[in-house]
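Student: Sequence first, predicted model second:
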Amino acid sequence: MRILLIEDDTVLGAAVRDQIAADGQTVDWVTRLDSAGDAARTTPYDLILLDLMLPDGRGIMFLKDLRARGDVTPVIILTALDQVSDRIEGLNAGADDYLVKPFDLAELSARIGSVARRYSGNPNPLVAHGSLVVDLAARNIRRDGKPVQLTAREWALFEAFLSRPGQLLSKAQLEEKLYAFDTEVESNTIEVHVSRLRKKLGSAIIETERGMGYRLGRP
């Protein structure tokens with residue numbers, strides 16, 4: 001997944017960014033609402049983590065504007081505002097979850113996974129695909145009963161295919177899932193990761209549509 005983090009606390013923001021990266025996700029981190037608006041309008045995000053108190057305004061207004069223009073990107077609010085009325089306001093504005101600071105980073109990872117699974121239409125963390133059994137919550141894979149180790153990038157790429165079975169994904173779309181906007185991407189990166197996934201998960205796990213992109217192979 002590619003995630004937009006909107007948080008002005010540099011210590012917390014760095015910790016959340018590192019946690020997301022360690023989970024194999026891609027994160028773009030901004031500290032102001034104006035930067036967040038620019039990012040959300042130009043980049044297709046899978047999830048937004050939103051602080052409510054920012055230097056240039058209230059995150060709740062950003063969320064309301066997002067929903068008003070028809071943007072259904074899932075949003076998890078991260079805030080120190082812990083009153084029930086604050087939670088109700090956030091959820092009524094269109095948030096998918098609400099996490100009060102300070103929070104455990106492992107809980108944040110679990111919340112992100114839960115929201116992502118709901119939006120992918122598969123709330124069950126266990127997914128079977130041919131000889132593979134994938135635990136989305138624990139982020140592990142077994143092939144014919146034996147564990148398979150994936151790197152963070154390989155997992156993120158496989159997860160992108162798994163969440164869109166049968167859908168053709170272009171190289172550009174896959175790069176957007178894997179890399180933040182300040183990262184330089186080598187021209188053959190996707191091909192290299194696809195090749196490694198085929199070696200680990202089976203040669204038919206990813207199909208190539210020459211000149212068009214890739215899709216998850218049939219089980």
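Tutor: Noted; the coordinates are in hand.

Student: Would you map the helices across this structure?
Tutor: Here the chain has its helices, by DSSP state H, at 10-22, 33-42, 59-68, 84-92, 105-120, 152-162, 171-178, 189-201.

Student: count of neighbours near the residue lying closest to Tyr119 once chain neighbours are set aside?
Tutor: Among residues not flanking Tyr119 along the chain, Pro74 sits closest, at 5.4 Å (Cβ to Cβ, 6 or more residues apart in numbering). In this view, the C-beta of every residue, glycine as well, is placed from N, C-alpha and C. As a burial measure, Pro74 scores 20 neighbours (other Cβ atoms under 10 Å).

Student: who are the neighbours in contact with Pro74?
Tutor: For Pro74, the contact set (Cβ atoms under 8 Å, 6 or more residues apart in numbering) comprises 46-48, 96, 115-116, 118-119.

Student: Equivalent analysis for Arg58, please.
Tutor: Residues in contact with Arg58 (Cβ under 8 Å, 6+ apart) are Leu52.

Student: cool, and Leu162?
Tutor: Applying Cβ under 8 Å, 6+ apart to Leu162 gives the contacts 127, 129, 134, 216.

Student: related to what we said a few turns ago, most tightly packed of the helices of the chain?
Tutor: Among the helices of the chain, helix 152-162 has the highest mean neighbour count (mean count of other Cβ atoms under 10 Å), at a mean of 21.

Student: before we move on, back to that, which one of the helices of the chain has the lowest average pLDDT?
Tutor: Lowest mean pLDDT within the helices of the chain: helix 171-178, a mean of 83.

Student: which secondary structure elements does that helix contact?
Tutor: strand 2-6, helix 152-162, helix 189-201, strand 213-216 (3 or more Cβ pairs under 8 Å, 6 or more residues apart in numbering; DSSP states H and E).

Student: Show me the one of these that comes nearest Asp144.
Tutor: Checking the helices and strands packed on helix 171-178 against Asp144 by Cβ to Cβ gives helix 189-201 as the closest, at 10.8 Å.

Student: what angle do the closest one and helix 152-162 make?
Tutor: Counting by axes from the mean of the first three to the mean of the last three Cα atoms, to 10 degrees, helix 189-201 points 80 degrees away from the direction of helix 152-162.

Student: residues making contact with helix 189-201?
Tutor: Helix 189-201 has contacts (Cβ under 8 Å, 6+ apart) with 132, 141, 143, 148-151, 153-154, 157-158, 171, 174-175, 178, 204-206, 208, 214.

Student: repeat that for 10 Å
Tutor: Identification of contacts with helix 189-201 by Cβ atoms under 10 Å, 6 or more residues apart in numbering yields 129-132, 134, 141, 143, 148-151, 153-158, 161, 169-175, 177-179, 186, 188, 203-206, 208, 213-214, 217.

Student: Can I get that helix in PDB? Just the C-alpha atoms.
Tutor: Extracted as PDB, the C-alpha positions of helix 189-201 are listed here (Å, rounded to 0.1, in the frame of the first residue of the first chain):
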ATOM      1  CA  THR A 189      12.900  -2.500 -10.500                       C
ATOM      2  CA  ILE A 190       9.500  -3.900 -11.000                       C
ATOM      3  CA  GLU A 191      10.800  -6.600 -13.400                       C
ATOM      4  CA  VAL A 192      13.400  -7.600 -10.800                       C
ATOM      5  CA  HIS A 193      10.800  -7.900  -8.000                       C
ATOM      6  CA  VAL A 194       8.400  -9.900 -10.200                       C
ATOM      7  CA  SER A 195      11.200 -12.300 -11.200                       C
ATOM      8  CA  ARG A 196      12.000 -12.900  -7.500                       C
ATOM      9  CA  LEU A 197       8.300 -13.500  -6.600                       C
ATOM     10  CA  ARG A 198       8.000 -16.100  -9.400                       C
ATOM     11  CA  LYS A 199      11.100 -17.900  -8.100                       C
ATOM     12  CA  LYS A 200       9.700 -17.900  -4.500                       C
ATOM     13  CA  LEU A 201       6.000 -18.400  -5.100                       C
END
